[in-house]
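Student: From the sequence below, what's the structure:
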Amino acid sequence: MGTDALLRTVGVGAGDEVVVPAFGNAEVAEAVVRAGALPVFADIDPVTYCLDPCAVEAAATPRTVAVVAVHRFGRPADLTRLREVGRRHGLPVLEHGESEAPCDELAQRRERAAYLDAKLRGVRTPEGDGGHTYQQYVVRVPGNGRPDRDAFARALRERGIGCTVPVKTPVHRLPEFRRWLVCLPETERAAEETLALPVEAALTRREMQRIVSACNALGGPVAVGSTPVFGV
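Tutor: Residues are numbered from 1 along each chain as shown. Prediction:
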């Protein structure tokens with residue numbers, strides 16, 4: 001069921017507020033606006049990249065009528081704690097989910113993710129979670145923010161490694177939502193540091209080794225304008 005339909009099922013309308021994440025999924029906030037309501041952005045958990053239940057509780061007001069939990073990168077939101085918050089405030093928690101992969105593909109992705117977990121250096125790998133389906137394998141490039149991550153990504157692409165920045169601009173920073181001023185430090189930090197590496201089931205062992213070799217040769221953040229020197 002799409003977000004518009006989910007909002008209709010709980011009667012979201014003009015003057016209402018709906019708590020949503022700002023880390024990706026602009027369509028969720030857009031659906032809230034189409035319903036005539038106000039999207040209220042709450043911060044994320046830095047491990048799961050999903051709504052932080054404590055931030056949701058802090059964002060709730062008497063006008064709040066629902067929370068939309070978005071599952072990110074194949075890792076589920078903490079629905080147990082979010083629903084506890086919902087019960088305390090009389091709010092339904094709606095789920096914006098991700099499509100599930102076939103079991104064989106999921107097993108292969110997890111196998112490749114485990115290989116990357118064990119071999120990668122110089123980036124922060126995803127923290128272990130048995131429920132992670134690795135729709136995307138998202139690492140953090142530590143350093144001084146976006147320039148380091150972007151330089152790291154450019155250097156990988158020059159080595160033929162297809163990587164993507166999962167969220168270039170948080171939703172609350174988009175022009176159509178910028179009028180709602182809010183401080184979301186974990187969302188901002190994740191947007192500056194995260195990078196999605198290949199983890200598709202079709203990747204061969206040699207391709208996985210190339211990913212590891214390219215990442216580890218960088219040895220951490222790359223300064224803007226520098227020429228990376230790679231090992232073999």
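
Student: Which SSE is immediately downstream of whichever strand in the chain runs longest?
Tutor: In the chain, taking DSSP state E as the definition, the longest strand is strand 64-70. Of the helices and strands lying after strand 64-70 in sequence (DSSP states H and E), the nearest is helix 79-89.

Student: could I get the worst-scoring helix or strand of the chain on mean pLDDT in CSV with only the CA atoms?
Tutor: Least confident helix or strand of the chain, by mean pLDDT, DSSP states H and E, is helix 146-158 with a mean of 86. What follows is helix 146-158, C-alpha atoms only, in CSV (Å, rounded to 0.1, in the frame of the first residue of the first chain):
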residue,chain,number,x,y,z
ARG,A,146,30.9,15.4,2.7
PRO,A,147,34.1,16.5,0.8
ASP,A,148,36.0,13.5,2.2
ARG,A,149,33.2,11.0,1.3
ASP,A,150,32.8,12.5,-2.1
ALA,A,151,36.5,12.4,-2.8
PHE,A,152,36.6,8.8,-1.6
ALA,A,153,33.6,7.9,-3.9
ARG,A,154,35.3,9.6,-6.9
ALA,A,155,38.5,7.6,-6.3
LEU,A,156,36.6,4.4,-6.2
ARG,A,157,34.8,5.1,-9.4
GLU,A,158,38.1,5.9,-11.1
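
Student: Mind jotting down where the helices sit in the chain?
Tutor: Ranges of helices in the chain, per DSSP state H, are 3-9, 26-34, 53-59, 79-89, 103-119, 146-158, 185-193, 205-218.

Student: Export the ones you listed as a markdown table, with columns for mean neighbour count and distance to T164.
Tutor: The way it works is simple: take the backbone N, C-alpha and C, and place the C-beta from them, glycine included. A markdown table is the format used below for the helices of the chain (neighbours: other C-beta atoms under 10 Å; distance: least, C-beta to C-beta, whole Å):
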| stretch | mean neighbour count | distance to T164 |
| --- | --- | --- |
| helix 3-9 | 17 | 23 |
| helix 26-34 | 19 | 17 |
| helix 53-59 | 19 | 26 |
| helix 79-89 | 16 | 27 |
| helix 103-119 | 15 | 15 |
| helix 146-158 | 18 | 8 |
| helix 185-193 | 20 | 13 |
| helix 205-218 | 17 | 13 |
